[in-house]
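[1] A structural model of the following input is requested.
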Amino acid sequence: MNPLDDLFARNPGLAPDMGARAMLLSLLLAFVLGQLIAWVYKRTHSGLSYSRSFTESLVLITMVVSLVMFVIGDNIVTAFGLIGALAIIRFRNVLKDTRDTVFVFIALVLGMALGSQRHGPAILGTLVLLGATVYLHWTRFGTNGLFDGHLSFRAGEHVQESETRAILQRFCRRFNSLSVRRGQGVTEYVFVVSLRDTTRGHEMLRDLETLDDVGQVALVLQDELSEV
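    Take a look at the predicted model:
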């Protein structure tokens with residue numbers, strides 16, 4: 001039997017250790033792996049709905065579920081008692097992002113695995129799931145379209161179009177004019193843009209704002225649902 005099989009092997013005739021030392025080990029692993037889940041969630045999060053309390057909850061959920069598994073043990077009566085107690089608590093917080101639900105589910109399953117002292121599957125499963133999360137984030141899997149988002153700004157009559165286009169060419173791989181609306185001495189432009197580096201979007205906005213008679217500059221990234 002190779003070391004990987006040894007990691008998953010478990011003697012079916014041997015009851016799990018429910019002592020204090022085993023509980024502390026499971027809670028410590030839950031704390032460490034829960035932080036790893038929360039850290040990956042924070043680093044790969046996109047959008048405007050980030051919550052520090054939710055990130056902290058991922059760590060605590062993993063530890064609480066692990067402790068619950070120790071409390072239940074093999075006692076069916078205790079299991080039904082905990083179900084009844086949890087039914088009294090009403091969770092009114094609605095998760096707006098399905099990705100947040102996935103991370104909550106990961107924390108729950110990890111806590112169950114650690115609470116039942118299946119440390120090998122818990123560690124390996126966490127690494128594989130988080131590795132898949134990082135891969136999907138780095139490859140921008142699921143992004144639809146050739147452009148990153150929309151750039152809009154208002155320019156006065158003294159602004160040369162060549163000046164704004166020079167800035168766009170410096171920061172964008174490509175861009176197309178989506179709409180141009182002319183008013184009394186003011187022209188409002190909307191472009192779809194594909195940035196050379198999405199982390200430098202604020203620099204493009206800064207350079208546009210340095211032009212005389214240019215204002216209300218905004219960049220909305222479609223794939224990240226965020227505004228720079």
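
[2] now the helix or strand containing residue 206, how far from the centre of its chain.
    Assigned by DSSP states H and E, residue 206 belongs to helix 201-210. Averaged C-alpha coordinates place helix 201-210 at 27 Å from its chain's average position (Cα atoms, centre = their mean, to the nearest Å).

[3] look up how far residue 103 lies from the residue nearest to the spatial centre of the chain.
    For the chain, residue 45 is the residue whose C-alpha lies nearest the centre (Cα atoms, centre = their mean; 2.8 Å). Residue 45 sits 10 Å away from residue 103, going by Cβ to Cβ, to the nearest Å. In short, each C-beta sits where N, CA and C put it, glycine included.

[4] same check, this time on residue 37
    Computed as Cβ to Cβ, the residue 37 to residue 103 distance reads 7 Å.

[5] shared neighbours, those two?
    Common neighbours of residue 37 and residue 103, using Cβ atoms under 8 Å, 6 or more residues apart in numbering, are residue 58.

[6] does the nearest residue to residue 135 once chain neighbours are set aside belong to a helix, a strand or coil?
    Nearest residue to residue 135, sequence neighbours excluded (Cβ to Cβ, 6 or more residues apart in numbering): residue 141, at 7.6 Å. Assigned by DSSP: H, G, I helix; E, B strand; the rest coil, the conformation of residue 141 is coil.

[7] run a quick neighbour tally on residue 141.
    Applying other Cβ atoms under 10 Å, we find 9 residues neighbouring residue 141.

[8] on that earlier part again, could you dump the helix holding residue 206 to PDB, C-alpha only?
    Presented in PDB, the C-alpha positions along helix 201-210 are these (Å, rounded to 0.1, in the frame of the first residue of the first chain):
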ATOM      1  CA  GLY A 201      -7.200  50.800 -14.900                       C
ATOM      2  CA  HIS A 202      -6.900  53.600 -12.300                       C
ATOM      3  CA  GLU A 203      -3.800  54.900 -14.100                       C
ATOM      4  CA  MET A 204      -5.800  55.300 -17.300                       C
ATOM      5  CA  LEU A 205      -8.500  57.200 -15.400                       C
ATOM      6  CA  ARG A 206      -5.900  59.400 -13.700                       C
ATOM      7  CA  ASP A 207      -4.300  60.400 -17.100                       C
ATOM      8  CA  LEU A 208      -7.700  61.200 -18.600                       C
ATOM      9  CA  GLU A 209      -8.600  63.400 -15.700                       C
ATOM     10  CA  THR A 210      -5.400  65.300 -16.100                       C
END
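
[9] what's the next secondary structure element after it?
    Following helix 201-210 in sequence order, the next helix or strand is strand 214-221 (DSSP H and E).

[10] isn't residue 173 up against residue 194?
    Yes. Between residue 173 and residue 194 there is a contact under Cβ atoms under 8 Å: 4.6 Å.

[11] just the terminal-to-terminal distance for stretch 177-197.
    By Cα to Cα, to the nearest Å, the extent of stretch 177-197 from end to end equals 20 Å.

[12] state the distance from residue 109 to residue 66.
    Distance from residue 109 to residue 66, by Cβ to Cβ: 11 Å.

[13] list the buried residues in the helix holding residue 206.
    201, 204-205, 207-208 (16 or more other Cβ atoms under 10 Å).

[14] what's it packed up against?
    Contact analysis of helix 201-210 by 3 or more Cβ pairs under 8 Å, 6 or more residues apart in numbering; DSSP states H and E lists helix 161-171, strand 214-221 as its packing neighbours.

[15] so where's this protein uncertain?
    1-18, 47-48, 74-75, 77-94, 142-146, 222-228 (pLDDT under 70).

[16] can you give me the helices in it?
    Using DSSP state H, the helices of the chain run over residues 3-8, 20-44, 52-72, 76-88, 98-115, 119-138, 161-171, 201-210.
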